[in-house]
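K.L.:
Generate a structure from the sequence data that follows.
(2 chains, ligands or ions: 2)
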Amino acid sequence: MNIAVCVSHVPDTATRIVIGKDEKSIDQAGVTYIINPYDEFAVEEALKTKEKFGGEVIVISVGNDSSKETIRKALAMGADRGILLKDENPRDSFSIAKALADEIKIQNCELVFMGKQSVDYDNSITGQITSELLGYSCITIVVDLKIENNKIIAEREIEGGKEVVESELPAIITTQKGLNEPRYASLKGIMAAKKKVIEEKPALQTDNLTEVLLMKKPAPKNPGRILGTDSSAIPELVKLLHEEAKVI
Amino acid sequence: MANKILGILEQREGKLKKVSFEVLSVVADLAEKLNLESEALVVGNEIQNIDETLNYGVNKITHLKNENLSAYSSSGYTDIISEYAKELNAKYLVFANTALGKDLAPRISVRINGGCIVDCIHFEISNGEFIATRPVYAGKALVDVKFRSDINIITLRPNVFKPLKKDKSSSAIITVKDIQNVNLKTRTIEFKKSEGKLDVAEADIIVSGGRGLKGPENFYLVENLAEVLGGAVGASRAAVDAGWRPHNEQVGQTGKTVSPSLYIACGISGAIQHLAGMSSSKYIVAINKDKEAPIFNIADYGIVGDALEILPKLTDEIKQLKS
Ligand SMILES: Cc1cc2nc3c(=O)[nH]c(=O)nc-3n(C[C@H](O)[C@H](O)[C@H](O)COP(=O)(O)OP(=O)(O)OC[C@H]3O[C@@H](n4cnc5c(N)ncnc54)[C@H](O)[C@@H]3O)c2cc1C
Ligand SMILES: Nc1ncnc2c1ncn2[C@@H]1O[C@H](COP(=O)(O)O)[C@@H](O)[C@H]1O
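P.N.:
Ligands and ions are numbered 1, 2, ... in the order given. Predicted structure coming up:
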């Protein structure tokens, strides 16, 4: 069984965001990019699945040349080969999903792992859109997964608990923290990744269905008040919460 | 002509959730501003509190019913709602940005050829154009986004839009329709409820603890305060990674994003990834030993001091206020 893992190349979560000159995207100066943290769970789960059932783990990313770093990271963890679907222009989730679906079909992958969310645009929708385009089942925010023959039993995290969901392959699973512990890339893995193939091709051209008009910083918060340095400040705190903030 | 706006309501275990009333209010508001006819739809089996939907300015509510629909089925719900939206020829669909809304909205967008803007916190109509604002980079920036599609789907960040009750109109009705042949390709076979506790994603008040609490044995202090406030317990990643608290309580960039009315951070330094998940809370209180801790930069009220000493006294003081 061929297994696809879709990975996105995102700014490190510690990045201080500065708005770029175009006022539509971030200023790239000094920004370090990493593999999307949720996609590490996706890569790990793909590798574990391969260890059990065999097959090939194919890493796919839509982006520009710099996304190769993130593909390389997944290869270093143990994935077999990579595909970069190249596009210099910004894409919304819909057009990313179209390109991914197109490639997943070409690679004939019955099982696809994605992260539950990309920590740049925080959309959490690419997996679901891709699954609809392909006619695959899709289970999102998965924290526990069992696959046997054609059958999938997954636990997904929702408000107030976990939903146990049953479905069949072909399917897309979006991964959440808790599903597994992503392995570190060993030195051997990093060396081996250098020899693995990253195929490059233009991403399928499609139109965006949404357009960013403006990026801006949220209004700054007014500096707060330090009410005291010990428990003598408690009565005032309670009074403010009750009378000024009116939240208790 | 497509002149309809359709709100998708959410029920769990036969009860409409609070976010459903937020959706209804936004639907009523946008219907007025965009000159559209409003409707709402809920999928489920028995729904106990469905009558409450009549008070929010949306006059037509449809309940699509089948005993296999009480629990969520992504395939079933997607089919049913897509069909309904197509038949109605709806121009706008409004969901809540919950696990269910986030799961459904993008699928339905593919079925009905719509664009999808999720996690919206504000809308504006400027020169006749609909513009949504949403946080990106975990709230470190915002974007204004417009649609390029004919059909437009939005999801609302919970707890941001107020559920506004209106006078009930005499023409408001609820129609129940039975649905046959549900597509159960993907089906829920069990719901494992977290033990009777309120989830951070749904709470209006959250008391969170971090590494400053020193160990799992001190978290009862956080739990007690949360209890007197009727709130939920949250945690920093440091507390979760140490195994002191379960992951579903983690607040932050790789945990849950919350916007309660009140967030009390106890022994949490305020790392950028933590702030990402809670900085949009309406009021923030910080209790931290270190007056330089970054959490104080975004707190409305702070006490510099030992959380282990302050928490029990704060709990007592609030108990007194409430009695
Ligand atoms: C990719 C990535 C994702 C991340 N995602 C998240 C996330 O989702 N959520 C998250 O929270 N973090 C996240 N982090 C981790 C984050 O960077 C911090 O490490 C974490 O938030 C620190 O938790 P803390 O504030 O509890 O601990 P610390 O930073 O150790 O702070 C403890 C604080 O307690 C104070 N203190 C100590 N003793 C007392 C006392 N007796 N009374 C009062 N105060 C006391 C100290 O002054 C200090 O400020 C992420 C990191 C990365 C790299
Ligand atoms: N440019 C991309 N290339 C490949 N996969 C992507 C890309 N963007 C998003 N994804 C996948 O979709 C998941 C959810 O992303 P999003 O819907 O953008 O939050 C990510 O965790 C990735 O697995």
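
K.L.:
Contacts for the top helix by length along chain A, please.
P.N.:
In chain A, assigned by DSSP state H, the helix with the most residues is helix A:37-53. With contact meaning CB atoms under 8 Å, 6 or more residues apart in numbering or on different chains, helix A:37-53 is reached by A:1, A:3-8, A:13, A:35, A:55-57, A:59, A:70, A:74, A:77-79, A:111, A:113-119, A:145, A:147, A:173-177, A:179-183, B:254. Bear in mind the C-beta positions are built from the backbone N, C-alpha and C, glycine included.

K.L.:
change it to 7 Å
P.N.:
A:1, A:3, A:5, A:7-8, A:13, A:57, A:74, A:77-79, A:111, A:113-117, A:119, A:145, A:147, A:175-177, A:179-180, A:182-183, B:254 (CB atoms under 7 Å, 6 or more residues apart in numbering or on different chains).

K.L.:
wait, does the very next helix or strand once past it make contact with ligand 2?
P.N.:
Using DSSP states H and E, the helix or strand that follows helix A:37-53 in sequence is strand A:56-63. Yes. Legend: contact between strand A:56-63 and ligand 2 by CB under 6 Å from any ligand atom is shown at A:60-63.

K.L.:
Nearest residue to B:T78 in space, ignoring adjacent ones along the chain?
P.N.:
Distances taken as CB to CB, 6 or more residues apart in numbering or on different chains put B:R107 closest to B:T78, at 4.6 Å, once the chain neighbours are dropped.

K.L.:
so what's that neighbour up against?
P.N.:
A:128, A:132, B:74, B:78.

K.L.:
circling back to that earlier point, the longest helix of chain A close to ligand 2?
P.N.:
Yes. Helix A:37-53 is in contact with ligand 2 by CB under 6 Å from any ligand atom, via A:38-39, A:42.

K.L.:
and the angle from that helix to strand A:56-63?
P.N.:
Taking axes from the mean of the first three to the mean of the last three CA atoms, to 10 degrees, one finds helix A:37-53 and strand A:56-63 inclined to each other by 160 degrees.

K.L.:
Pull out the CA atoms of helix A:37-53 and give them to me as CSV.
P.N.:
Written as CSV, here are the backbone C-alpha positions of helix A:37-53 (Å, rounded to 0.1, in the frame of the first residue of the first chain):
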residue,chain,number,x,y,z
PRO,A,37,4.6,20.5,14.2
TYR,A,38,1.3,18.5,13.5
ASP,A,39,2.8,17.1,10.4
GLU,A,40,5.5,15.3,12.4
PHE,A,41,2.7,13.2,13.9
ALA,A,42,1.5,12.5,10.4
VAL,A,43,5.0,11.4,9.3
GLU,A,44,5.5,9.2,12.3
GLU,A,45,2.1,7.5,11.8
ALA,A,46,2.9,6.9,8.2
LEU,A,47,6.2,5.3,9.1
LYS,A,48,4.5,3.1,11.8
THR,A,49,1.9,2.0,9.3
LYS,A,50,4.5,1.1,6.7
GLU,A,51,6.4,-0.9,9.3
LYS,A,52,3.3,-2.9,9.9
PHE,A,53,1.9,-3.3,6.3
